[in-house]
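>>> Could you look at this predicted model? Sequence included:
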Amino acid sequence: MPPQNSPQPQPQAQQPVKPAILPPLPKREFPKVIIWIGLVVVVLILAFVIFSLLTKSKTKSSAIVWWGLWEDDANVSSLISAYESSHPNVKITYVKQSPQDYRERLTNALAKGTGPDIFRFHNTWVPMFKNDLDVLPPSAMSPAEYAKTFYPVASSDLTSGTGIVGIPLEYDALTLYINEDIFNKAGKTPPATWDELRNLASQLTVKDDQGTITQSGVAMGRTENVDHWPEILALLMIQNGVDLSNPTGKIAEDALSFFTYFASTDGVWDVTLPPSTQAFASGKLAMYFGPSWRTFEISLANPNLKFKTVPIPQLPKDNPNQPDITYATYWAEGVWSKSTKKAAAWDFLKFLSTQDSAQKLFQNESKVRSFGEPYSRIDMANLLNTHPILGSIITQAPGAASWYLASRTFDGPTGINSQMANYFGDAVNSMSEGNTTPTKALEAAAQGVSQVLVQYRLIAK
């Protein structure tokens with residue numbers, strides 16, 4: 001053992017451990033070909049995005065908004081698709097509008113600068129929209145071509161200022177509906193003249209022991225329950241040579257008196273009866289005046305009713321070659337004067353007015369109702385002139401006239417039709433009640449008519 005006092009051995013100090021020095025990582029280099037491929041892909045993506053944005057912008061700038069009224073999307077979608085397929089940079093957006101307050105909504109939209117590029121308007125509305133309607137450019141259709149294509153009433157109604165302002169895709173007018181069972185039972189034939197109609201109306205009217213009308217010969221003479229009375233009265237006056245802008249004088253008085261005779265003198269119609277369309281549908285009315293579209297309402301109300309239409313009665317003619325005069329009431333398509341797509345809009349409307357498009361539209365409409373809207377083109381008359389409902393309307397279309405007296409245009413209380421109907425309605429009702437003379441009744445009406453015409457700058461103050 002070592003001696004106790006001997007020194008203990010000291011522990012040796014640890015030397016610091018030097019960190020290992022690692023060799024640097026080798027640099028990884030991508031092949032140049034991959035870099036170039038990546039750049040090409042980026043460039044292609046950017047190019048595609050830019051191209052898509054430009055294409056979308058161009059398509060959007062050519063998008064045409066079309067406000068319609070009566071047709072569902074299904075009836076016009078195939079025509080829109082056909083046009084878009086041949087015009088890839090144009091898109092058509094169809095918006096079906098409700099007829100309620102339509103004129104006011106359209107007016108407000110145009111005033112705010114948010115109106116549609118194309119909009120439907122009634123043939124009597126031109127004075128109300130003359131500042132908003134663009135003029136049909138000759139590049140789309142010349143006035144000569146227009147006059148050759150559509151019935152004369154369209155050229156007359158749809159001309160404002162320096163040119164034509166609308167293209168009609170349909171045509172309609174008053175026609176005379178006949179209850180075939182009533183006529184066959186009585187052994188009668190439809191009337192050709194107004195005197196014949198008046199005599200027939202008396203013969204076909206049936207009353208009970210208390211004098212109540214149980215079957216009426218014709219719905220005329222009142223305003224409260226005679227649907228389309230404004231058109232009937234206007235028709236009588238125009239056939240008699242009256243200038244409706246100044247409905248005074250003997251010929252105007254004769255027309256007004258004739259209309260009121262059926263209620264005031266002949267007793268074939270009175271205020272207790274239901275509206276004339278309803279009365280005809282129920283089988284209690286022998287003769288009824290209305291446009292073609294009333295057929296759908298009548299047939300829906302009474303699918304078993306046997307009826308047809310016949311040409312509108314006429315006054316005796318000096319020359320048998322004179323055309324029949326009937327009363328037109330129809331709708332047309334116009335282009336907004338402030339639209340940025342006017343050229344494309346007119347081109348689309350011309351496409352819609354072609355024979356092929358008109359036939360396709362008629363076929364589409366006939367799939368959802370018994371028939372389509374009557375053709376507006378003269379050269380398509382032969383396709384409908386034997387139709388049981390539309391034939392009478394089409395055969396008399398060459399001599400059709402029109403004015404600012406039309407029912408169911410939904411132009412609102414300040415609209416031109418509504419205001420005119422108020423003045424003429426007062427004349428009819430005062431005459432039917434025996435409260436005035438034809439002269440005084442029409443003098444009051446003429447003053448009101450003049451005010452409305454001045455309001456819409458159709459005559460000077």
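Perfect, I can see it now. Residues are numbered from 1 along each chain as shown.
>>> okay, CA-based contacts and neighbour counts for the rest of this
Fine.
>>> Could you chop this structure up by domain?
57-172+329-383, 175-327+413-455 (automatic domain parsing).
>>> mind checking which of the ones you listed is nearest Ile389?
domain 175-327+413-455 (5.3 Å; CA to CA).
>>> Can you give me the first-to-last residue distance of the closest one?
Domain 175-327+413-455 has an end-to-end distance of 32 Å (CA to CA, to the nearest Å).
>>> for stretch 430-442, same thing?
End to end - CA to CA - stretch 430-442 spans 10 Å.
>>> for it, what is the average pLDDT?
Taken as a whole, stretch 430-442 has a mean pLDDT of 91.
>>> what comes up buried for that stretch?
Neighbour counts over stretch 430-442 (16 or more other CA atoms under 10 Å) mark 430-432, 438-439, 441-442 as buried.
>>> Likewise for stretch 164-182?
164-180, 182.
>>> now the buried residues of stretch 430-442 in TSV, with distance to Gly283?
Converted to TSV, the buried residues of stretch 430-442 look like this (distance: CA to CA, whole Å):
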residue	distance to Gly283
Ser430	30
Met431	29
Ser432	25
Pro438	33
Thr439	37
Ala441	34
Leu442	35
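>>> how about the strands in the stretch 151-300 of the chain?
159-160, 163-164, 175-179, 206-207, 213-218, 285-290 (DSSP state E, counting those that start in this stretch).
>>> Out of those strands, which is closest to Thr260?
strand 213-218 (12.0 Å).
>>> Verify the stated contact: Gln396 with Thr326.
Yes - between Gln396 and Thr326 there is a contact under CA atoms under 8 Å: 6.5 Å.
>>> ok, now which ones touch the closest residue to Gly166 other than its chain neighbours?
In space, Gly166 comes closest to Gly334 once its chain neighbours are excluded; the distance is 4.6 Å by CA to CA, 6 or more residues apart in numbering. Counting by CA atoms under 8 Å, 6 or more residues apart in numbering, Gly334 touches 118-121, 133-134, 165-167.
>>> Which ones among the buried residues of stretch 430-442 map onto helices?
Per DSSP state H, helices hold the following members of those: 430-432, 438-439, 441-442.
>>> where does the stretch 351-461 of the chain have low pLDDT?
By pLDDT under 70, the stretch 351-461 of the chain contains no weakly predicted segment.
>>> give me that answer again for 90
432-435, 460-461 (pLDDT under 90).
>>> Also the chain?
Looking at the chain by pLDDT under 90, you get 1-63, 161-162, 317-322, 432-435, 460-461.
>>> quick one on the thing from earlier: neighbour count for Gln396 and Thr326, which is higher?
Thr326 (27 against 21; other CA atoms under 10 Å).
>>> list the contacts for the more buried one?
Taking CA under 8 Å, 6+ apart, one finds 173-174, 235, 312, 396-397, 399-401 in contact with Thr326.
>>> same thing but at 7 Å, please
Going by CA atoms under 7 Å, 6 or more residues apart in numbering, Thr326 touches 174, 235, 312, 396, 399-401.
>>> Out of these, the closest to Asn75 would be?
The nearest member of the contacts of Thr326 to Asn75, counting by CA to CA, is Leu174 at 24.6 Å.
>>> end to end, how far does stretch 148-156 reach?
Terminal-residue distance, stretch 148-156 (CA to CA): 13 Å.
>>> Alright, I will stop here.
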